[in-house]
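**Student:** Sequence first, predicted model second:
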Amino acid sequence: MTVLVFLDAAHGDGRIVDPSKPQLMANDLGATRGDGIFESLLAVDGVPRKERAHLERLASSAAALDLAIPVADAWSRAIRTALDEFTATQPAQSEAVVKLVATRGAEGAAEPTAWVQVSPVPAGIRQQQQAGVEVLLLERGYDSTVAQRAPWLLMGAKTLSYAVNMAAVRYAKSRGADDVIFTSSDGKVLEGPTSTVLLARRQGTSKTLLTPQLESGILPGTSQGALFKAAHGSGWDLGYGPLEPHHLLEADAVWLISSVRLLTPVTAIDGTPIATSEELTRELSELVDRFI
């Protein structure tokens, strides 16, 4: 069910490989040290969504790691090759997850390892989008200014070092929740392990959409950025934190948004039900469908 396309100089449009066979060197630094970057985006009917934004963020992450990766055009050609192969072999799958991965390569190698992976959207993603998720607030262990003081921590880069993020999700699930919203040690709302946090405030006819400050060391969300542009054009006011947990509890609605799961309502925080709004969720979901 998975398509793999490697980027290399000898194959300008990418090299399709058998995903059931070993492809990665055992001493690849992406596997042994998590020294690499990635992006995940959604494709619908063979068309990638927000490709340019994801390629720009991939390049930004690469720059933060001082990692040389293929140029954007090479990634675009490999994405097209992978999606064409996926559509041809699995025509019933209208949605797909496209993952772009680049590592520093095998130890001692001069070139990075880079590939595109296309696979079906995981089961349960759309159910969560419809039903909403319950989250735990978990402290990340850094204060909200660490990204500015210590850029080597790579707080705003999308690296392969996701062990802590996945551990947080497992911890939440072991306690009956679905997901996590990280907070800083000085009490600021940050982001989810694989998503951006949004909240809405409504006062009379005024509607405001807010998200945490990028300066707090969170990953700039491509879906959040696109939704903000669309919402502003539809009359919403916009804001960038700083946000604290009480702002989530007092909001008219809270969502997690990501490129694959899209806009997903948060229904409870630390076991306490919070306000949700079918009207606002429907309005913003329509903007996601139209513009993202």
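**Tutor:** Great, that's in hand. It should be emphasised that the depicted structure is a prediction, and the values quoted were computed from it without experimental measurement. Numbering: from 1, shown residues only.
**Student:** what's the burial count for Gly187?
**Tutor:** Gly187: 14 surrounding residues under other Cβ atoms under 10 Å. Placement of C-beta: from N, CA and C, glycine included.
**Student:** ok, what's across the strand from Ala43?
**Tutor:** Ala43 has the following beta-bridge partners by DSSP bridges: Pro48, Ala96.
**Student:** What of Val180?
**Tutor:** In this entry, Val180 is beta-bridged to Leu136, by DSSP bridges.
**Student:** wait, Pro19 sits on Val5?
**Tutor:** No - using Cβ atoms under 8 Å, Pro19 is not in contact with Val5; the gap is 10.0 Å.
**Student:** Please compare the two by neighbour count and tell me which comes out ahead.
**Tutor:** Comparing Pro19 with Val5 by other Cβ under 10 Å, the one with more neighbours is Val5, at 25 against 13.
**Student:** ok, back up a step: list the residues that are in contact with both of Pro19 and Val5.
**Tutor:** Gln117 (Cβ atoms under 8 Å, 6 or more residues apart in numbering).
**Student:** mind listing the strands for the stretch 1-150 of the chain?
**Tutor:** Counting by DSSP state E, counting those that start in this stretch, the stretch 1-150 of the chain has these strands, from start to end: 3-8, 11-17, 36-44, 47-48, 95-103, 113-120, 133-139.
**Student:** Compile those into a markdown table and extend it with columns for mean pLDDT and distance to Lys158.
**Tutor:** As requested, the strands of the stretch 1-150 of the chain are exported to a markdown table (pLDDT from 0 to 100; distance: least, Cβ to Cβ, whole Å):
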| stretch | mean pLDDT | distance to Lys158 |
| --- | --- | --- |
| strand 3-8 | 96 | 18 |
| strand 11-17 | 94 | 21 |
| strand 36-44 | 97 | 6 |
| strand 47-48 | 96 | 17 |
| strand 95-103 | 97 | 10 |
| strand 113-120 | 97 | 15 |
| strand 133-139 | 98 | 20 |
